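Colleague: Okay, structure incoming, though there's no sequence with it:
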């Protein structure tokens, strides 16, 4: 069966989602409704930066009075380095977190005082007012991964903050060698790093009859740069991957859907 775009909706039996397996997920409903098997496998993972490698950056944590956290990973690896260096953060250190859940996660490591912890709803721009209020008094440290945090760095540069970013952890490709002889009808990707991991593990990968699902413009570009065809794309009409998959499965697996 084909549609007006020329897409051939061959029946789907197996789907590989390149993320860790969730406890609850709409993907499980798709399995039941359309008679498919959905497997989960993270194509990338986070690793700590070895202390020796961290030291090469010549960043002295104790020089900074304010820390900006963009994720729970950044908190974990920041305080792990502190522990390795036997640094105890002063009680008057200020912490700026992108979301409330990230801020609450700080309770694992500090005595939580709201007057020293600031958080936004989602992006660095939500923290604009408290950040600007402290801009002239504070020296900021941004713990990040090897991929950086460009939106945050851009904001800090444009607003002339006294800041330094430093790599405390890194995102790397996972070992997928056990999948070498396993095939899936649909491969689902959520980041350019997932595509990089696919080719690092399988340099001779060819799409053939594999269909590819993509979330996000950067992932879309990474797929297209590899010369691959995108069959399933998250868009305004179907804003989640599970919805985009169902749109496809309604056509490819109509008998199972009934």
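Modeller: Yes, it's here. All values reported here derive from a predicted model rather than from experimental measurement.
Colleague: At which residues are the helices of the stretch 101-250 of the chain located?
Modeller: All helices of the stretch 101-250 of the chain, identified by DSSP state H, counting those that start in this stretch, fall at 128-134, 150-158, 192-201, 217-225, 241-252.
Colleague: Take those and write them to a markdown table, including mean pLDDT and mean neighbour count.
Modeller: C-beta coordinates here come from the backbone N, C-alpha and C atoms, glycine included. Formatted as a markdown table, the helices of the stretch 101-250 of the chain follow (pLDDT from 0 to 100; neighbours: other CB atoms under 10 Å):
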| stretch | mean pLDDT | mean neighbour count |
| --- | --- | --- |
| helix 128-134 | 94 | 14 |
| helix 150-158 | 94 | 14 |
| helix 192-201 | 96 | 19 |
| helix 217-225 | 95 | 16 |
| helix 241-252 | 95 | 19 |
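Colleague: check contacts around residue 85.
Modeller: For residue 85, the contacting residues are 51, 61, by CB atoms under 8 Å, 6 or more residues apart in numbering.
Colleague: likewise residue 73?
Modeller: Counted by CB under 8 Å, 6+ apart, residue 73 has contacts 46, 145, 169.
Colleague: Mind putting those into JSON lines with pLDDT and neighbour count?
Modeller: Below are these laid out as JSON lines (pLDDT from 0 to 100; neighbours: other CB under 10 Å):
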{"residue": "46", "pLDDT": "94", "neighbour count": "15"}
{"residue": "145", "pLDDT": "93", "neighbour count": "20"}
{"residue": "169", "pLDDT": "96", "neighbour count": "23"}
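Colleague: CSV for the residues you listed, including distance to residue 25?
Modeller: Below are the contacts of residue 73 laid out as CSV (distance: CB to CB, whole Å):
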residue, distance to residue 25
46, 21
145, 25
169, 26
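Colleague: Sort out which of the residues you listed are in strands and list them.
Modeller: Among these, the members found in strands (DSSP state E) are 46, 145, 169.
Colleague: Domain map for the chain?
Modeller: As assigned by automatic domain parsing, the chain contains the domains 14-43+174-257, 47-171.
Colleague: For residue 218, see how far away the residue nearest to residue 44 when sequence neighbours are not counted is.
Modeller: Of all residues not flanking residue 44 in the chain, residue 193 sits nearest, at 4.8 Å (CB to CB, 6 or more residues apart in numbering). Applying CB to CB, to the nearest Å, one obtains 10 Å for the distance of residue 193 from residue 218.
Colleague: what's the answer for residue 103, then?
Modeller: 27 Å.
Colleague: returning to what we had before: to residue 8, which of the domains of the chain lies closest?
Modeller: domain 14-43+174-257 (9.0 Å; CB to CB).
Colleague: ok, now which ones touch the residue most central in space within the chain?
Modeller: Closest residue to the average C-alpha location of the chain: residue 191 at 7.1 Å, with CA atoms, centre = their mean. The contact partners of residue 191, taken as CB under 8 Å, 6+ apart, are 44, 216, 218-219.
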